[in-house]
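Novice: Need the 3D shape of this:
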Amino acid sequence: MEGYLESTIKQFEYYKLLGEKTFAQLPDDKLFWQYNDDSNSIVIIVKHLSGNMLSRWTDFLTTDGEKEWRDRDGEFENDIATKEEMLQKWDNGWKVLLDTLKSLTEDDLSTIIYIRNQGHTVMEAINRQLAHYPYHIGQIVFIGKMGAAHWNSLSIPKGNSKEFNAQKFSQPKHKQHFTDEYLNDEEITI
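Specialist: Next up is the predicted model:
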């Protein structure tokens, strides 16, 4: 599975960037907005993501991914007061995740780790979170689109598919989809 870790790191970085580009388009109060009492605000989703990341990726190879100190139910309580506090949680979670992934080797991929006492290979555990985190990032983007006064698309804007495809097909073929240049590009496309 040569290249798997590099690819997954770039995927996670891409979704992190989608979240950050959403935060940047919103006034602070919209980060706390909830459709109703049963739904989550962006702040609550960030708090949950951070709690999950800290639990899953701290001492990843040696301890169960569901840490005793994790308060999952508390992750859904709205007790964050500022955007800065939300961003600190966001950054803390992503740092632990990305630092852990960057410390792994291809030889680690078949190692068995545990999440809630259930065995997973490292690759399965990574894939599990590569499905989980984008699910929540999609929620963040969706809520962000509803709360933004003017939304700058993070994808191909409606009605621009033909123009976008013509521009892409006019270029030489690229071997890799997620390059560093791609992640730093002003227009992210999915």
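Novice: When you work out contacts or count neighbours from here on, use the C-alpha atoms and nothing else.
Specialist: OK.
Novice: Centre of the protein to the edge, which residue is at the far end?
Specialist: Going by C-alpha atoms, centre = their mean, the residue of the chain most distant from its centre is Ser170, 31.0 Å out.
Novice: which residues touch His174?
Specialist: In this structure, His174 makes contact with no residue, judged by C-alpha atoms under 8 Å, 6 or more residues apart in numbering.
Novice: So it lies in a strand, does it not?
Specialist: No. Under DSSP: H, G, I helix; E, B strand; the rest coil, His174 falls outside any strand and is assigned coil.
Novice: Nearest residue to Ile137 in space, ignoring adjacent ones along the chain?
Specialist: Residue nearest to Ile137 in three dimensions, not counting chain neighbours: Gly19, with 6.0 Å by C-alpha to C-alpha, 6 or more residues apart in numbering.
Novice: Are there helices or strands packed against the helix of greatest length in the chain, and which ones?
Specialist: Identified as the longest helix of the chain according to DSSP state H is helix 122-147. Based on contacts counted as 3 or more C-alpha pairs under 8 Å, 6 or more residues apart in numbering; DSSP states H and E, the elements that helix 122-147 packs against are helix 4-23, helix 42-57, strand 112-115.
Novice: picking that back up, quickly note the distance from the residue nearest to Ile137 to Phe169.
Specialist: Distance of Gly19 to Phe169, given as C-alpha to C-alpha, to the nearest Å: 28 Å.
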